[in-house]
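K.L.:
Sequence below, structure please.
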Amino acid sequence: MANENLGNAKKAKNDEFYTQFSDIQKEMNAYLEYNPDVFRDKTVLLPCDDPEWSNFTKYFAQNFEALGLKKLISTSYAPDSKPDAIPYQPTLFEMESPGYDPEKTQTKGKIFTLTHDKTGDNVINVDDLEWSYLEGGGDFRSEEITKLRDEADIIVTNPPFSLFREFLVWLVEADKDFVIIGNMNAITYKEVFPLIMSNKMWLGVTANGSDLVFRVPEGYEVSDSDKLKAEKLGYIGEYTRLGNACWFTTLDHGRRHEPLSLMTEQDNIKYNNAIGSDGYSRYDNYDAIEVPRTDAIPSNYSGVMGVPISFLSKYNPDQFEILGATQRGCHELVPDTKKYDSYWEMRQDGKPTGSSGGKTNENANLVGNDGKKNYFVNSEGHVIQSAYQRIFIKHKQVTK
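P.N.:
Predicted structure coming up:
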């Protein structure tokens, strides 16, 4: 499964998931449609890359003139800096270059830059990239790469999954625009959610809720189901798919300002009749209603609503206000009104699942038991239901 792939990558520090050119192109096109000059006269940095064949490098080098770039910088990690990396074999491109140094090829990262027409063909493109070895291994946290970050205007990359939080902090502390790929579940991280809630970062345009296909190193273990799904999308060989990968960005785009279609009062009546006479369920420990699907958000409710994290792919900051979330200490504006110090997970047949009690409300979103899933019983015999992570929102215009 996609979540398992991301988790396994994090545990094994196997972070080499390589983004497809078409996915990069689709995402960048969305920003260009909203603002054709978004990259004009900008220096773009692509850290955490492998510039010799990286699709990020290829895209920005190939479109250097069309985008109106001022400068392109792309850096890579040294082979020796990758835990459990497959033995590195220099490419012919590297070995035949004047700057090739066999003593550096294992221990030093590389830097590729593009600023002008080097070949004299009156076109600035991938053929004009110039490269050299870095002084260090290419770690984004190093002083060397941090200086490049400070020089750049926009940073674009697919950072190592295991270092996503650290990488985001590194970006934010420099107050740089960025477009990066991450796991949708990262929305709940304490380093991430406050940025989304304060509209300092948001989801990109493409891939949210759909599969992204990544190339993986030879020998990387890919499940049969993920390999088959990648093949159905036209990718044969060393590829996997991730169903919950998404783009995080500070660049504005048109999708972000499209009003979300909401349930009318007539729709609300039909929905309430379908789920029971009480209508929308209320949380047992939050003063808010449970909205299980984005397309079930009522148009006429003025109170607080808990919605799935997938809502963020359709979030319009002109239409809604984000107030908090149910987990990881992100519910200050929607306080937890009831505590359960100890509770036990039960199956529908009334038998314990084996999970221990003592979990906190930051690890579960508690609503009334609907008889469909496993549930929790607290020490007082109160039956509660564990639901998925929810984000608390409120209409900006509805007052009744």
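
K.L.:
Now do the domain split for this structure, please.
P.N.:
Following automatic domain parsing, one gets these domains for the chain: 2-257, 265-395.

K.L.:
For residue 122, give its distance to residue 114.
P.N.:
Taking C-beta to C-beta, to the nearest Å as the criterion, residue 122 is separated from residue 114 by 15 Å. Quick note: C-beta positions are derived from backbone N, CA and C, even for glycine.

K.L.:
Check residue 42 too.
P.N.:
Distance, residue 42 to residue 114, using C-beta to C-beta: 13 Å.

K.L.:
Contacts only, for the residue nearest the centre of the chain.
P.N.:
Nearest residue to the geometric centre of the chain (C-alpha atoms, centre = their mean): residue 182, 2.8 Å. The contact partners of residue 182, by C-beta atoms under 8 Å, 6 or more residues apart in numbering, come to 159, 161, 164, 168, 245, 246, 248.

K.L.:
wait, the first one sits on residue 178?
P.N.:
No: at 9.8 Å, residue 159 and residue 178 do not qualify as touching, with contact defined as C-beta atoms under 8 Å.

K.L.:
just to revisit the earlier point, now, which of the contacts of residue 182 sits nearest residue 294?
P.N.:
Using C-beta to C-beta, residue 246 comes nearest to residue 294 of the contacts of residue 182, at 14.8 Å.

K.L.:
related to what we said a few turns ago, could you dump the contacts of residue 182 into CSV with distance to residue 34 added?
P.N.:
What follows is the contacts of residue 182, written out as CSV (distance: C-beta to C-beta, whole Å):
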residue, distance to residue 34
159, 24
161, 28
164, 25
168, 23
245, 22
246, 18
248, 17
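
K.L.:
one step back: any idea how far the residue nearest to the centre of the chain is from residue 193?
P.N.:
13 Å.

K.L.:
Once you drop chain neighbours, what's closest to residue 263?
P.N.:
Distance criterion C-beta to C-beta, 6 or more residues apart in numbering; nearest residue to residue 263, sequence neighbours excluded, is residue 298 at 5.2 Å.

K.L.:
Residue 122 and residue 114: who's more crowded?
P.N.:
Neighbour count, other C-beta atoms under 10 Å: between residue 122 and residue 114, residue 114 has more, with 25 against 6.

K.L.:
residues contacting that one?
P.N.:
With C-beta under 8 Å, 6+ apart as the criterion, the residues that contact residue 114 are 60, 61, 64, 69, 71, 72, 124, 128, 129, 130.

K.L.:
Give me the spatial nearest neighbour of the third one, chain neighbours excluded.
P.N.:
Just to be clear, that refers to residue 64. With C-beta to C-beta, 6+ apart as the criterion, residue 64 has its nearest non-adjacent residue at 4.8 Å, and that residue is residue 124.
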